[in-house]
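Asker: I need the structure of the sequence given here:
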Amino acid sequence: MPRAHVESNQPHYDRAIHALKSDVVRKVGFEVRTVKECKILSVEIERHDRRFPLAVSTLRRFFQLIPSDSKFSISTLNTLARFAGKKAFSYYLDLTKAESLNNHNYIGTEAFEAQEGILPSDLTKLIDILELAPYAAPGSDFLHELAKSAAKAYADPEVTDNRLIHRLTSSKRLRAVIIERYPPLDWLGKGQTGSRLLEEYLESADQQNERDYAIGLLAQGALFEGDLERCMHWLNLYAGIRPNASEEPVHQSRACAILWLLSSWNADVAMKSRCLHDLVHHLPPRDPSHFPSFAAAAVRIVIISGNRELIQMGLNVFAEAMHRAEITLEASHAMHALNLELAWLAYLAGDPGLAQNALAKLTDRSFAAHDQITSKIFWHALRGHLTGDAKVRSEQFAASEAWAQQANYLGLHSQLLLAVPVVAARPENVSASDAR
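Answerer: From the prediction side, this is the model:
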C-alpha cells in the first residue's frame, strides 16, 4: 500500500487538502461530483503528465464520492498539486501552517496599486481570453473586470444582441463563469436583455438544477415587475427540491422562495407548506462558502413576504453567518453587501438599532456591478423607513422609485414601501430551531 503523507495527522493537513481540492477544481473548470467527472479529470491529469496518472477510484476517494478513512500517498498529492500548477503538495502544507502567516515570500502578501487598461473592458474580448485558456482559473483582477463588463453589456441591448446571447448560453464554461456568477439581476423585466439571456439559457440547459436556476431568475423579474401571472408561468416549470447528498440545491432557492410567496398570497396551503419545509430543511447550504448565493437568492423574497417567523429565523441565521470567519475569507465582498439584507431583516423584526448599524456599513458603491440597481431600490427604501425626517424619507423613497423605473421593477418598489415591522405572529408549522 502506498505510504501515507508524513503530515497526514497534523491539524493543518486537512486545510491543505481543502486548498488543493479548490485549486484542482479551478484548473479543470468544474466541480467534481460524479464518476463521469472523475473520469474526465483522470484523463486531463494523464494528459498533463503521462508519468503520473491517477486512477478514477483514487479521485473518487479524494473528492469524497466514496467513503474512505485512508490518507493519500505523497505521490498522489504531489501529482494533484503539479496538475494545479504548484511544484508539490508541500506548497499547500506551508501555506496552511500557522507559521506560514509570517512568511513574506508569497506574492499574495505584496500590495499593488490598481492599474487601469491592462485588461480589455469589452466583454467579448474578455470572453476571447477565457476561451484561449479553457482550463485556466481566472484571477481576481480578471473576474473583477469581467463583472464590470458583463453588467455594462447587460445594460446595453445593442451589445447583448442575439449573437452574444447565443455565445454565452451555448458554452458550459461561459454559463458557469459569467451567467451563473454574475446574473443580470437588474435586467430581468419582460423583453429586457437579462430575461432574453435567461430564456435562451433555459432552452440550452441540460440539467434540472440549471433549469431551476433560470426559472427562479425569470420568475423574480416578473415578480419585481408586478406581473404575477407571468411569474407563475415560469414557476410552473419548476421541478421542486430533490435532496442530493453530492449536490447542494443552492440554485433552486430563488424559485422555491418565490413559489412559497405566491402560494401564501394565493392561499395554496399544500404548496405553501411544501415550499416552507424546503426553505427551512433543504435549502440552507451545508458548505458555508455557498451561504452568500443562498442568502441573496432567498432572503429578498422573505423580506417582501413580511412573514414574521421566516424573518426572525432569517435574522438569526444571518447574524450567525455574518460572524463566521471562514465565510468572510471565502467571499468577503459578497458578505459585506449582505449587510443590506441583514438591515432589512432587523428592521422588519423590530430591531431598528441593528438595522441602522448594518446599513451604516454600506455606501452606494457596496453592491455588485450586476446587482447595482436592484440593491439601490432596497437600500433607498430602507433608508426612507429608518429616518425620522419626513423630507429625507420622501427623498429616499423617490430615489428608490427612480431606480425601480430604470429596471421596470415598480412592483418591488411598491412592496418595499408597504413593508413594516411585523409584531403579531402568523401561525406556521415551523419553529425557530428548524432554521439552524
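
Asker: immediately after the helix or strand bottoming out on mean pLDDT in the chain, which helix or strand?
Answerer: Lowest on mean pLDDT, DSSP states H and E among the helices and strands of the chain sits helix 325-330, with a mean of 67. The first helix or strand that comes after helix 325-330 along the chain, using DSSP states H and E, is helix 332-337.

Asker: dump the residue contacts of residue 178.
Answerer: 127, 146, 150, 168 (CB atoms under 8 Å, 6 or more residues apart in numbering). To be clear about C-beta, it is placed using only N, CA and C from the backbone, and glycine gets the same treatment.

Asker: tell me which of these is nearest to residue 390?
Answerer: residue 150 (39.5 Å; CB to CB).

Asker: what kind of secondary structure is the closest one in?
Answerer: Following DSSP: H, G, I helix; E, B strand; the rest coil, residue 150 is assigned to helix.

Asker: Pull the number of nearby residues for it.
Answerer: 24 (other CB atoms under 10 Å).

Asker: Can you tell me the closest non-neighbouring residue to it?
Answerer: In space, and not counting its chain neighbours, residue 150 is closest to residue 182: 4.7 Å by CB to CB, 6 or more residues apart in numbering.

Asker: how far away is the one you found from residue 86?
Answerer: 28 Å (CB to CB, to the nearest Å).

Asker: Compare the two and say which is more crowded by neighbours.
Answerer: Taking other CB under 10 Å, residue 182 and residue 86 do not tie; residue 182 has more neighbours (20 against 17).

Asker: How about the contacts made by that one?
Answerer: Contacts of residue 182 (CB under 8 Å, 6+ apart): 146-147, 150-151, 368-370.

Asker: Would you list the buried entries among those residues?
Answerer: 146-147, 150-151, 368-370 (16 or more other CB atoms under 10 Å).

Asker: Quickly check these for the two that are furthest apart.
Answerer: Longest span within the buried ones among the contacts of residue 182, CB to CB: 146 and 368, 11.9 Å.

Asker: Surely residue 177 and residue 127 touch.
Answerer: No: Residue 177 is beyond contact range of residue 127, at 9.2 Å (criterion: CB atoms under 8 Å).

Asker: Now flag whichever of the contacts of residue 178 is closest to residue 238.
Answerer: Distances from residue 238 to those, taken by CB to CB, are shortest for residue 168, at 22.7 Å.

Asker: Find the nearest non-adjacent residue to the closest one, please.
Answerer: residue 174 (5.0 Å).

Asker: roughly how far out does the helix or strand that contains the one you found sit from the chain middle?
Answerer: Residue 174 is part of helix 172-174, with elements assigned from DSSP H and E. Computed by CA atoms, centre = their mean, to the nearest Å, the chain-centroid distance of helix 172-174 equals 16 Å.

Asker: And for it, what's in contact with it?
Answerer: 29-30, 127, 130-131, 134, 167-168.

Asker: Recalculate using a threshold of 7 Å.
Answerer: 29, 127, 134, 168 (CB atoms under 7 Å, 6 or more residues apart in numbering).

Asker: Please check the residues you listed and keep the buried ones.
Answerer: Buried, going by 16+ other CB under 10 Å: 29, 127, 168, out of the contacts of helix 172-174.

Asker: Narrow those residues to those in helices?
Answerer: 127, 168 (DSSP state H).

Asker: Redo the buried ones among the contacts of helix 172-174 as JSON lines? Include distance to residue 256 and pLDDT.
Answerer: Listed next are the buried ones among the contacts of helix 172-174 as JSON lines, based on distance: CB to CB, whole Å; pLDDT from 0 to 100:
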{"residue": "29", "distance to residue 256": "28", "pLDDT": "85"}
{"residue": "127", "distance to residue 256": "31", "pLDDT": "94"}
{"residue": "168", "distance to residue 256": "25", "pLDDT": "95"}
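
Asker: tell me which residues of the helix holding residue 174 are tucked away?
Answerer: residue 174.

Asker: immediately after it, which helix or strand?
Answerer: In N-to-C order, the element after helix 172-174 by DSSP H and E is helix 193-204.

Asker: returning to that earlier point: what pLDDT does the residue nearest to residue 168 get?
Answerer: At residue 174, the predicted lDDT confidence score is 91.

Asker: same thing with the one 3 residues further on?
Answerer: The confidence metric pLDDT takes the value 88 at residue 177.

Asker: Return the residues in contact with it.
Answerer: Contacts for residue 177 (CB under 7 Å, 6+ apart) come out as 130, 138.

Asker: okay, the helix or strand residue 394 falls within in CSV with CA atoms only?
Answerer: Using DSSP H and E, residue 394 falls within helix 390-407. Output in CSV follows, covering the C-alpha atoms of helix 390-407 (Å, rounded to 0.1, in the frame of the first residue of the first chain):
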residue,chain,number,x,y,z
ALA,A,390,-40.2,63.5,6.7
LYS,A,391,-38.2,65.3,4.0
VAL,A,392,-35.4,62.8,4.0
ARG,A,393,-37.9,60.0,3.9
SER,A,394,-39.6,61.5,0.8
GLU,A,395,-36.3,61.9,-0.9
GLN,A,396,-35.2,58.3,-0.2
PHE,A,397,-38.5,56.8,-1.4
ALA,A,398,-38.3,59.0,-4.5
ALA,A,399,-34.7,57.7,-5.2
SER,A,400,-35.9,54.1,-4.7
GLU,A,401,-38.7,54.7,-7.2
ALA,A,402,-36.3,56.3,-9.7
TRP,A,403,-34.1,53.2,-9.7
ALA,A,404,-37.2,51.0,-9.9
GLN,A,405,-38.4,52.8,-13.0
GLN,A,406,-35.0,52.3,-14.6
ALA,A,407,-35.3,48.5,-14.1
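
Asker: Residues contacting the helix or strand that that helix is followed by, please?
Answerer: Later in the chain than helix 390-407, the nearest helix or strand by DSSP H and E is helix 410-418. Under the criterion CB under 7 Å, 6+ apart, residues 223-226, 304, 377-378, 381, 397, 400-401, 404 lie in contact with helix 410-418.

Asker: could you dump the residues you listed to JSON lines with distance to residue 122, neighbour count and pLDDT?
Answerer: Below are the contacts of helix 410-418 laid out as JSON lines (distance: CB to CB, whole Å; neighbours: other CB atoms under 10 Å; pLDDT from 0 to 100):
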{"residue": "223", "distance to residue 122": "32", "neighbour count": "26", "pLDDT": "97"}
{"residue": "224", "distance to residue 122": "29", "neighbour count": "26", "pLDDT": "97"}
{"residue": "225", "distance to residue 122": "30", "neighbour count": "22", "pLDDT": "96"}
{"residue": "226", "distance to residue 122": "35", "neighbour count": "16", "pLDDT": "95"}
{"residue": "304", "distance to residue 122": "36", "neighbour count": "21", "pLDDT": "93"}
{"residue": "377", "distance to residue 122": "28", "neighbour count": "25", "pLDDT": "97"}
{"residue": "378", "distance to residue 122": "30", "neighbour count": "24", "pLDDT": "97"}
{"residue": "381", "distance to residue 122": "34", "neighbour count": "24", "pLDDT": "97"}
{"residue": "397", "distance to residue 122": "37", "neighbour count": "18", "pLDDT": "97"}
{"residue": "400", "distance to residue 122": "32", "neighbour count": "24", "pLDDT": "97"}
{"residue": "401", "distance to residue 122": "33", "neighbour count": "19", "pLDDT": "98"}
{"residue": "404", "distance to residue 122": "29", "neighbour count": "25", "pLDDT": "97"}
